[in-house]
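S.K.: Predicted model and sequence below, questions to follow.
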Amino acid sequence: MSIEAVTWALKQPIKHSSAKFVLVALANCASAESGIAFPSVAYLASATSQDRKTVLNNLQRLIEWGQIEDTGKRCGATKQIVIYRVLCGADLFSEGALQPVGERSQNRNSSENGTVPKTAGNSTVFPPNSPKNGTRNRQEPSGNHQSLARRSASRFSEFWAEYPKREGRKRAEAKWNAKNLDVLADLIIADVKRRKAEHGRWLDGFVLDAVKYLGEERWEDEITPRAGVVAVTPSTTTPAPVPARHPLAPTETKLQQAIGYAVQQHNLGAIDDAELEQQIVAARAKHGKPADAQAVAA
């Protein structure tokens, strides 16, 4: 991480807040010597709390505004991670380096890569990374990211403890370190937990090897539920109420009414045959047994 690059990014007059946040995140990952940064889009999305599309749009804006550039190089197992250069200038550590790009244009070295020598008195002073000083012009990711790999063992152990398929630990750990996944550990572990609970293929036992999961960055894949699984919601339908029987007609006895009501309930499915018979017996016992009781029950 380059503190100077982050400070420079914070001082840039960018009114688009989400784009500025992406610039600060890139500067946080940049090499202090060359300004090279190669975080994945997934990392930038996690670091800035932006979705993937927003991050990509902001990266394009920063390129158009001259804050960063695409070096044309790619890294990662699938060679899809773009290597950017944060254009904070070769004179980052010189006086006025923390001014916005436009204000520093008069003070910048005429060479984009900082290899044109500066003069101080009768001597020529070359930038520290110049080939003239006996060191190569560094264009590769800095040791800053290598140190992250050395510290990633503890986060890999968390990932491994969560991953459901426990095969090929050494190869998986080597892949984790090679891709510098310590910075994405929280995102990856959260994805594994969710897939174990929701992903149809994983629930059916088809879990990828950890090496393939990490190498192909499968945490960016969609999570699909089991085929044919439909969420069941409690029914809100209530049974239709049994209509009340009309008042006793002048020519209808109480026995006829009681038996008629029982028959009505039976026809609506509210009571079964046995309950119908019980209600008829109870009605006869209570109201007597006139000659037409059998006809009413029928």
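M.R.: Perfect, thanks for sending it.
S.K.: Sketch out the low-pLDDT regions of the stretch 151-298 of the chain for me.
M.R.: Residue ranges of the stretch 151-298 of the chain with pLDDT under 70: 151-154, 228-251, 289-298.
S.K.: ranges for the helices of the stretch 1-150 of the chain?
M.R.: Ranges of helices within the stretch 1-150 of the chain are 3-10, 17-29, 41-48, 52-64, 143-150, based on DSSP state H, counting those that start in this stretch.
S.K.: same deal with the stretch 151-298 of the chain?
M.R.: Using DSSP H, counting those that start in this stretch, helices in the stretch 151-298 of the chain cover 153-162, 169-178, 185-198, 200-203, 210-215, 254-267, 273-287, 293-297.
S.K.: out of those, deepest packed?
M.R.: Mean neighbour count (mean count of other Cβ atoms under 10 Å) peaks for helix 210-215 among the helices of the stretch 151-298 of the chain, with a mean of 20. Using the backbone N, CA and C atoms, a C-beta is placed for each residue, glycine as well.
S.K.: That one packs against which elements?
M.R.: Here helix 210-215 touches helix 169-178, going by 3 or more Cβ pairs under 8 Å, 6 or more residues apart in numbering; DSSP states H and E.
S.K.: Alpha carbons of the helix it packs on, as CSV, please.
M.R.: Taking Å, rounded to 0.1, in the frame of the first residue of the first chain, the C-alpha atoms of helix 169-178 are listed here in CSV:
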residue,chain,number,x,y,z
ARG,A,169,-5.6,-29.0,0.7
LYS,A,170,-2.0,-28.3,-0.3
ARG,A,171,-3.0,-27.6,-3.9
ALA,A,172,-5.9,-25.4,-2.8
GLU,A,173,-3.6,-23.4,-0.4
ALA,A,174,-1.1,-22.9,-3.1
LYS,A,175,-3.8,-21.6,-5.4
TRP,A,176,-5.1,-19.3,-2.6
ASN,A,177,-1.6,-17.8,-2.1
ALA,A,178,-0.9,-17.5,-5.8
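S.K.: which other helices and strands contact it?
M.R.: helix 143-150, helix 153-162, helix 210-215.
S.K.: looking at the helices of the stretch 151-298 of the chain, which is closest to residue 12?
M.R.: helix 185-198 (27.0 Å; Cβ to Cβ).
S.K.: what residues are up against the nearest residue to residue 59 once chain neighbours are set aside?
M.R.: Sequence neighbours aside, residue 22 is the residue nearest to residue 59 in space, at 6.4 Å (criterion: Cβ to Cβ, 6 or more residues apart in numbering). By Cβ atoms under 8 Å, 6 or more residues apart in numbering, the residues touching residue 22 are 44, 48, 50, 55, 58-59, 62.
S.K.: So what's the model's average confidence on stretch 13-20?
M.R.: Averaging pLDDT along stretch 13-20 gives 90.
S.K.: returning to what we had before: from the contacts of residue 22, which single one is nearest residue 192?
M.R.: residue 44 (20.8 Å).
S.K.: hang on, the earlier thing: looking at the helices of the stretch 151-298 of the chain, which is nearest to residue 27?
M.R.: Of all the helices of the stretch 151-298 of the chain, helix 185-198 comes closest under Cβ to Cβ, at 20.6 Å.
S.K.: Residues in contact with that closest one: which ones?
M.R.: 42-43, 46, 152, 155-156, 158-159, 162-164, 181, 202-203, 214, 219, 223, 225.
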